[in-house]
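Novice: Generate a structure from the sequence data that follows.
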Amino acid sequence: MLEDGASRGAGVGRHGAGWGAAALAGLALLVYVATLAPGLSVGHNGTDGGDLVAAAWTLGVPHPSGYPTWTLLAWLFTRLPVGMVAYRANLLSAVCAALSAGLLYASVRLLTPVRHTPAPGLGEERALGALLSENSGSLVAAAAACTLAFSSLLWSQAVIAEVYALLALFASLLLWLVLRWRAGGRDKLLWLAGFV
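Specialist: Below is the predicted model:
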(Lines give C-alpha, C1' and ligand atoms only; values in the text may rest on other atoms or scores of the structure.)
Protein backbone atom coordinates (compact mmCIF):
# COMPACT_ATOMS: atom_id res chain seq x y z
CA MET A 1 0.00 0.00 0.00
CA LEU A 2 1.26 3.47 -0.82
CA GLU A 3 1.79 5.90 2.04
CA ASP A 4 2.01 9.41 0.66
CA GLY A 5 -0.65 11.13 -1.43
CA ALA A 6 1.83 12.31 -4.07
CA SER A 7 2.75 8.79 -5.09
CA ARG A 8 -0.91 7.73 -5.22
CA GLY A 9 -1.92 10.04 -8.03
CA ALA A 10 -2.66 13.14 -5.98
CA GLY A 11 -0.01 14.91 -8.03
CA VAL A 12 -2.22 14.72 -11.07
CA GLY A 13 -3.50 18.23 -11.62
CA ARG A 14 -7.21 18.35 -10.91
CA HIS A 15 -7.80 20.83 -13.68
CA GLY A 16 -5.23 19.47 -16.13
CA ALA A 17 -6.75 15.99 -16.27
CA GLY A 18 -10.24 17.47 -16.38
CA TRP A 19 -9.46 19.75 -19.31
CA GLY A 20 -7.71 16.96 -21.17
CA ALA A 21 -10.64 14.61 -20.62
CA ALA A 22 -13.11 17.30 -21.73
CA ALA A 23 -11.07 18.10 -24.84
CA LEU A 24 -10.78 14.46 -25.81
CA ALA A 25 -14.48 13.81 -25.19
CA GLY A 26 -15.32 16.89 -27.25
CA LEU A 27 -13.13 15.73 -30.13
CA ALA A 28 -14.71 12.28 -30.08
CA LEU A 29 -18.20 13.79 -29.94
CA LEU A 30 -17.47 16.00 -32.96
CA VAL A 31 -16.32 12.98 -34.95
CA TYR A 32 -19.27 10.89 -33.83
CA VAL A 33 -21.82 13.59 -34.67
CA ALA A 34 -20.21 14.08 -38.09
CA THR A 35 -20.65 10.36 -38.80
CA LEU A 36 -23.94 9.85 -36.93
CA ALA A 37 -26.65 7.85 -38.68
CA PRO A 38 -29.38 10.31 -39.73
CA GLY A 39 -32.16 7.91 -38.73
CA LEU A 40 -32.67 4.22 -38.09
CA SER A 41 -29.86 2.00 -39.24
CA VAL A 42 -29.39 -1.73 -39.43
CA GLY A 43 -25.69 -1.24 -40.04
CA HIS A 44 -23.18 -2.20 -37.34
CA ASN A 45 -25.55 -4.90 -36.02
CA GLY A 46 -28.07 -2.22 -35.06
CA THR A 47 -31.15 -4.31 -35.77
CA ASP A 48 -32.67 -3.37 -32.39
CA GLY A 49 -32.71 0.34 -33.25
CA GLY A 50 -36.39 0.57 -34.20
CA ASP A 51 -37.50 -1.30 -31.12
CA LEU A 52 -35.31 0.83 -28.85
CA VAL A 53 -36.30 4.16 -30.41
CA ALA A 54 -40.02 3.32 -30.23
CA ALA A 55 -39.65 2.35 -26.58
CA ALA A 56 -37.72 5.54 -25.83
CA TRP A 57 -40.31 7.76 -27.51
CA THR A 58 -43.25 6.15 -25.70
CA LEU A 59 -41.43 5.20 -22.48
CA GLY A 60 -42.33 1.64 -23.33
CA VAL A 61 -40.42 -1.56 -22.75
CA PRO A 62 -38.26 -2.87 -25.57
CA HIS A 63 -37.56 -6.57 -25.85
CA PRO A 64 -36.32 -8.27 -22.65
CA SER A 65 -34.34 -7.19 -20.57
CA GLY A 66 -35.94 -3.83 -21.21
CA TYR A 67 -32.89 -1.56 -20.74
CA PRO A 68 -34.63 0.85 -18.34
CA THR A 69 -31.70 3.23 -17.86
CA TRP A 70 -31.13 3.55 -21.60
CA THR A 71 -34.85 3.99 -22.21
CA LEU A 72 -35.16 6.82 -19.66
CA LEU A 73 -32.06 8.62 -20.95
CA ALA A 74 -33.16 8.15 -24.56
CA TRP A 75 -36.60 9.51 -23.68
CA LEU A 76 -34.87 12.72 -22.54
CA PHE A 77 -32.80 12.85 -25.72
CA THR A 78 -35.85 12.28 -27.94
CA ARG A 79 -37.27 15.52 -26.55
CA LEU A 80 -34.39 17.58 -27.97
CA PRO A 81 -35.47 19.89 -30.79
CA VAL A 82 -33.02 18.55 -33.43
CA GLY A 83 -33.50 16.13 -36.30
CA MET A 84 -35.75 13.10 -36.33
CA VAL A 85 -36.53 11.02 -33.25
CA ALA A 86 -34.13 8.26 -34.33
CA TYR A 87 -31.35 10.83 -34.85
CA ARG A 88 -31.85 12.04 -31.27
CA ALA A 89 -31.58 8.49 -29.93
CA ASN A 90 -28.43 8.04 -32.01
CA LEU A 91 -27.12 11.22 -30.39
CA LEU A 92 -27.42 9.58 -26.96
CA SER A 93 -25.06 6.83 -28.10
CA ALA A 94 -22.58 9.43 -29.40
CA VAL A 95 -22.61 11.36 -26.12
CA CYS A 96 -22.19 8.19 -24.03
CA ALA A 97 -19.28 6.95 -26.15
CA ALA A 98 -17.56 10.36 -26.05
CA LEU A 99 -17.94 10.60 -22.27
CA SER A 100 -16.56 7.08 -22.00
CA ALA A 101 -13.40 8.13 -23.85
CA GLY A 102 -13.05 11.21 -21.64
CA LEU A 103 -13.37 9.15 -18.48
CA LEU A 104 -10.78 6.68 -19.76
CA TYR A 105 -8.39 9.63 -20.28
CA ALA A 106 -8.98 10.74 -16.67
CA SER A 107 -8.51 7.17 -15.41
CA VAL A 108 -5.19 6.69 -17.19
CA ARG A 109 -4.01 10.08 -15.85
CA LEU A 110 -4.65 8.74 -12.35
CA LEU A 111 -2.42 5.77 -13.13
CA THR A 112 0.47 7.76 -14.62
CA PRO A 113 2.68 9.74 -12.24
CA VAL A 114 3.54 13.37 -12.92
CA ARG A 115 7.26 14.06 -13.23
CA HIS A 116 8.45 17.60 -12.79
CA THR A 117 11.07 19.19 -15.03
CA PRO A 118 14.55 19.22 -13.52
CA ALA A 119 16.38 22.46 -12.79
CA PRO A 120 17.14 24.79 -15.72
CA GLY A 121 20.53 24.75 -17.38
CA LEU A 122 20.17 21.41 -19.11
CA GLY A 123 21.19 20.87 -22.69
CA GLU A 124 18.56 21.17 -25.42
CA GLU A 125 18.19 17.39 -25.80
CA ARG A 126 17.82 16.84 -22.05
CA ALA A 127 15.30 19.69 -21.80
CA LEU A 128 13.20 18.07 -24.54
CA GLY A 129 13.46 14.73 -22.75
CA ALA A 130 12.39 16.35 -19.48
CA LEU A 131 9.42 18.00 -21.21
CA LEU A 132 8.36 14.69 -22.74
CA SER A 133 8.81 12.97 -19.39
CA GLU A 134 6.63 15.60 -17.69
CA ASN A 135 3.87 15.21 -20.27
CA SER A 136 4.17 11.47 -20.80
CA GLY A 137 1.15 10.76 -18.61
CA SER A 138 -1.02 13.04 -20.73
CA LEU A 139 0.30 11.50 -23.94
CA VAL A 140 -0.30 7.96 -22.73
CA ALA A 141 -3.79 8.88 -21.51
CA ALA A 142 -4.64 10.58 -24.82
CA ALA A 143 -3.38 7.58 -26.78
CA ALA A 144 -5.45 5.17 -24.67
CA ALA A 145 -8.59 7.31 -24.91
CA CYS A 146 -8.20 7.83 -28.68
CA THR A 147 -7.66 4.11 -29.13
CA LEU A 148 -10.95 3.47 -27.36
CA ALA A 149 -12.87 6.33 -28.98
CA PHE A 150 -11.84 5.58 -32.52
CA SER A 151 -11.78 1.79 -32.35
CA SER A 152 -14.10 0.30 -34.91
CA LEU A 153 -16.15 -1.45 -32.21
CA LEU A 154 -17.02 1.59 -30.08
CA TRP A 155 -17.32 3.92 -33.06
CA SER A 156 -19.79 1.57 -34.74
CA GLN A 157 -22.00 1.62 -31.64
CA ALA A 158 -21.61 5.38 -31.08
CA VAL A 159 -23.38 6.32 -34.31
CA ILE A 160 -26.56 4.21 -33.97
CA ALA A 161 -29.31 3.76 -31.39
CA GLU A 162 -27.94 0.90 -29.29
CA VAL A 163 -27.29 0.26 -25.61
CA TYR A 164 -23.59 -0.63 -25.83
CA ALA A 165 -22.23 2.94 -25.72
CA LEU A 166 -24.05 3.44 -22.41
CA LEU A 167 -22.45 0.23 -21.15
CA ALA A 168 -19.01 1.59 -22.15
CA LEU A 169 -19.81 4.80 -20.25
CA PHE A 170 -20.75 2.88 -17.11
CA ALA A 171 -17.61 0.72 -17.35
CA SER A 172 -15.40 3.83 -17.73
CA LEU A 173 -17.21 5.58 -14.88
CA LEU A 174 -16.73 2.55 -12.63
CA LEU A 175 -13.01 2.42 -13.43
CA TRP A 176 -12.60 6.16 -12.79
CA LEU A 177 -14.48 6.03 -9.47
CA VAL A 178 -12.40 3.13 -8.16
CA LEU A 179 -9.14 4.77 -9.24
CA ARG A 180 -10.14 8.11 -7.65
CA TRP A 181 -10.92 6.27 -4.44
CA ARG A 182 -7.60 4.42 -4.63
CA ALA A 183 -5.78 7.73 -5.16
CA GLY A 184 -6.92 8.96 -1.78
CA GLY A 185 -10.56 9.83 -2.39
CA ARG A 186 -13.32 9.49 0.15
CA ASP A 187 -15.15 6.25 0.79
CA LYS A 188 -18.28 7.70 -0.80
CA LEU A 189 -16.57 7.20 -4.18
CA LEU A 190 -16.36 3.48 -3.47
CA TRP A 191 -20.02 3.40 -2.43
CA LEU A 192 -20.98 5.25 -5.60
CA ALA A 193 -18.96 2.74 -7.64
CA GLY A 194 -21.02 -0.01 -6.04
CA PHE A 195 -24.18 1.60 -7.36
CA VAL A 196 -22.80 1.97 -10.88
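
Novice: outside of stretch 65-73, which residues touch it?
Specialist: The contact list for stretch 65-73, computed with C-beta atoms under 8 Å, 6 or more residues apart in numbering, reads 52, 55-56, 59-62, 92, 163, 166. Glycine gets a C-beta too; all of them are placed from N, C-alpha and C.

Novice: out of these, which are inside helices?
Specialist: Among the contacts of stretch 65-73, the members falling in helices (DSSP state H) are 52, 55-56, 92, 166.

Novice: picking up where we left off before, of the contacts of stretch 65-73, closest to residue 38?
Specialist: Each of the contacts of stretch 65-73 was checked against residue 38 using C-beta to C-beta; the closest is residue 92, at 14.9 Å.

Novice: need the contact list for the closest residue to the closest one other than its chain neighbours.
Specialist: Nearest-residue entry for residue 92: residue 77, 4.3 Å, with adjacent residues in sequence omitted and distances by C-beta to C-beta, 6 or more residues apart in numbering. For residue 77, the contact set (C-beta under 8 Å, 6+ apart) comprises 56, 88-89, 91-92, 95.

Novice: Adding distance to residue 188, write the ones in helices among the contacts of stretch 65-73 out as JSON lines.
Specialist: As requested, those are exported to JSON lines (distance: C-beta to C-beta, whole Å):
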{"residue": "52", "distance to residue 188": "33"}
{"residue": "55", "distance to residue 188": "33"}
{"residue": "56", "distance to residue 188": "31"}
{"residue": "92", "distance to residue 188": "28"}
{"residue": "166", "distance to residue 188": "23"}
